[in-house]
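Peer 1: fold the stuff below for me.
(4 chains)
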Protein chains: 2
Amino acid sequence: MKKKISIHDIAKALDLSATTISFVLNGKAEEKKISEDVRKRVSDYIKEVGYQPNMIAKSLRTGKTHIIGMLVEDISDPFFSCISRGIETIAYNHKYKIFFASTENDTEKTKALIKVFRERQVDGYIMAPPAGVEEEIRALMDDDIPVILFDRYLPSLNTSTVIIDNFSGSYQAVKHLSENGFSGIAFLTLNSEQTQMHARLQGYLKAIEESGCQPVVQKLPSKLSHELSAEMVQEFIKQHDKIDAIIFATNYLAISGLQAIRDMGLAIPDDIAVIGFDDNTHFNLFTPSITAVAQPIEEIAQEVVRQLLNALSNERESRIRRMVMLPVKLIVRNSTYPKVKKKIVHSEPSTMKIN
Amino acid sequence: MKKKISIHDIAKALDLSATTISFVLNGKAEEKKISEDVRKRVSDYIKEVGYQPNMIAKSLRTGKTHIIGMLVEDISDPFFSCISRGIETIAYNHKYKIFFASTENDTEKTKALIKVFRERQVDGYIMAPPAGVEEEIRALMDDDIPVILFDRYLPSLNTSTVIIDNFSGSYQAVKHLSENGFSGIAFLTLNSEQTQMHARLQGYLKAIEESGCQPVVQKLPSKLSHELSAEMVQEFIKQHDKIDAIIFATNYLAISGLQAIRDMGLAIPDDIAVIGFDDNTHFNLFTPSITAVAQPIEEIAQEVVRQLLNALSNERESRIRRMVMLPVKLIVRNSTYPKVKKKIVHSEPSTMKIN
DNA sequence: GTCTATCACTAAATCGATTAACTAAAAATA
DNA sequence: TATTTTTAGTTAATCGATTTAGTGATAGAC
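Peer 2: Presented below is the predicted three-dimensional model:
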């Protein structure tokens, strides 16, 4: 077991000072007028012994870790894992590493994670925050540590943020369904006040209002297992026999919902049409395939990293915080709807109220 | 912007030495006979000013980072993201953080990542390694750094390893199909020499041999997009009109394959039966739902962390390296097979020995 | 009354880098 | 030639913790 070699070992071996080695290592040879000869001796020796600088020591001295802390709801959720992958790749290309952690949308857990990340001196944060961590985030900003939010934001905080046009997503979904003859369009969402969920609901309500139909909204508790949510969706469908379409506000809910629909032996879209939010669950492979509101994963990742790198490279005063809203796209998969023929037939939409 | 406070600031404020603060902080107050009074003053003050120790400094001094480096093929793959989530949770409970990175199965990228992790002095490694990094892993082991492999292993290396019974997985899959009357059972795999792929192929071949059918094996290049693999699967199916069932050796392939089958307008299982490997892609929601070989994700995560923590807490000499093989489970989803009637009479159950 | 043990701490070295300030020798300038 | 400037480095402080070795004061033993 060879022991780790340090910059001083190199200095000793080459009969130079650690300073000189450091200069060569950090590309300051030119600037610091280190001779060609010494430069070469140092780089050759470093290659020969396979020297690896100790980033811990470097970080302690410089105050920079080149680590980004990333807090997502659940790293095993397809949406978050895809975003993470994109961010990981881009960040690594810029010599930044990422610490991932799952918040489970739990305020206390998130606070604890922020504390851990602070202790580790991460250079910046990327978060899909739960409510209730405003204080901690403000503290980060006060200490001049860049924070980028995504997926959702905290209204009381002026942070850089990357979100998608959730309102438009569910608005388009409703429009699509009503244009295809559906009139009992329900919206299944989570009992959550997060901004993205709120916008999705508002988009639904706006479009429903415009279509003249009655809104049917069901909020499920978050953190339910798929089994439990599926049961509740079944219950919901049974109690609302007028609905002929459901929009699921998250992919997790869509999975549970599809399970419920399958368990009930209902046909999609003949018995009930379905639209999912977020298209990372291979909705194209279901039979029939499922229409979904697709989020631009790659663009979100790019924009998040761009903003973070920008914040990291600028002094606090010159930092511009901005909210970027990226467009969504409705991926229509089920074009042959059974009701298309009897479209517009609902001459008396008032009777259609389902509540 | 309040500046960070250090252990020396505390010492100064309380008119004590940094040593004393450190002792109290690290629970050595008892052992080092620090008075009740001082202990309380220190802890009160720490709480009051919200002191957060600098782990970078701590790591530099102690040589321990309490960080685990984890290298997976692709963090956005459902299998790896679920494993990662499990490992993350358990590790955090033991005060370890995880660095995740995706190797893309690329040898050079993996070497670079190992180098980065070494520079950051991670305490241990969890890897699903590509071939060709034996040297680097051996170097880690030589330097007494724990390494746990999972999903696959490197035959030339005596490492701690957690794998699943891949052989049995595809063996069971073939048996299931042949018992249900299928005789043209193809095996679609990757052109990879990794141990898990090899074992899956061997299990398939053994079972096919026992069933008296002809093996049909197709190896696709890895790193293809879903679109490209789907095309190749289509091509494959068209060229082999005798096959009535396909076993996909990875979930990524299964997704591509299902796309191909859908594009060709084939019915599952009437035209072609399908079994997937790994059950994290919600195969239960496809119509008809897809039978799959399920890996025990939770158990894998637990076993990996258990082995790593064990290695981290023991001196090198007392470390036992061992390979743990966890069982898989065939999740039968499509019980109503069209061909069940013409089931072949397997009169010799003695052939059931699996090795 | 001296000697030793225990108590309740502290001083200073250390981990491995970076960096501001300095210096001896060589080269350029006056 | 004397002086200044440049070259090619070096010394030592520093980042914020841990930890070994010690210290002065008091208590107890004989």
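Peer 1: from here on, just use CA atoms for contacts and neighbour counts.
Peer 2: Noted.
Peer 1: skipping adjacent residues, who's closest to residue A:226 in space?
Peer 2: Nearest-residue entry for residue A:226: residue A:256, 5.2 Å, with adjacent residues in sequence omitted and distances by C-alpha to C-alpha, 6 or more residues apart in numbering or on different chains.
Peer 1: apologies, that question was intended for residue A:54.
Peer 2: Leaving out its chain neighbours, residue A:54 is closest to residue B:119 (C-alpha to C-alpha, 6+ apart), at 5.3 Å.
Peer 1: surely the one you found is in contact with residue A:50?
Peer 2: No - because the distance of 11.5 Å does not satisfy C-alpha atoms under 8 Å, residue B:119 is recorded as not touching residue A:50.
Peer 1: just want to know which of these two has more residues nearby.
Peer 2: Between residue B:119 and residue A:50, counted using other C-alpha atoms under 10 Å in any protein chain shown, residue B:119 has the larger neighbour count: 15 against 11.
Peer 1: so what's that one up against?
Peer 2: When contacts are counted by C-alpha atoms under 8 Å, 6 or more residues apart in numbering or on different chains, residue B:119 is found next to A:52, A:53, A:54, A:55, A:56.
Peer 1: can you narrow the residues you listed to ones near DNA strand C?
Peer 2: With C-alpha under 7 Å from any atom of the strand as the criterion, these include A:52, A:53, A:54, A:55 near DNA strand C.
Peer 1: just these: which are in helices?
Peer 2: Cross-referencing these with the helices (criterion: DSSP state H) gives residue A:55 as the overlap.
Peer 1: most neighbours among the ones next to DNA strand C among the contacts of residue B:119, which one?
Peer 2: Neighbours here mean other C-alpha under 10 Å. Within those, the largest count is held by residue A:55, at 21 neighbours.
Peer 1: ok, it touching residue B:118?
Peer 2: No - in this structure, residue A:55 is not within contact of residue B:118 by C-alpha under 8 Å, at 9.1 Å.
Peer 1: shared neighbours of those two, anything?
Peer 2: Common contacts of residue A:55 and residue B:118 (C-alpha under 8 Å, 6+ apart): none found.
Peer 1: contacts only, for the nearest residue to residue A:292 once chain neighbours are set aside.
Peer 2: Computed as C-alpha to C-alpha, 6+ apart, the closest residue to residue A:292 that is not its neighbour in sequence is residue A:276, at 4.5 Å. Under the criterion of C-alpha under 8 Å, 6+ apart, the contact list for residue A:276 reads A:247, A:248, A:249, A:250, A:251, A:254, A:290, A:291, A:292, A:293.
Peer 1: looking at the stretch 151-300 of chain A, what residue ends up closest to DNA strand D?
Peer 2: The shortest separation between the stretch 151-300 of chain A and DNA strand D is 25.9 Å, found at residue A:159 (distances taken as C-alpha to the nearest atom of the strand).
Peer 1: what's near enough to touch that residue?
Peer 2: In this structure, residue A:159 makes contact with A:147, A:148, A:149, A:321, A:322, A:323, judged by C-alpha under 8 Å, 6+ apart.
Peer 1: where does it land on pLDDT?
Peer 2: Here the pLDDT value assigned to residue A:159 is 96.
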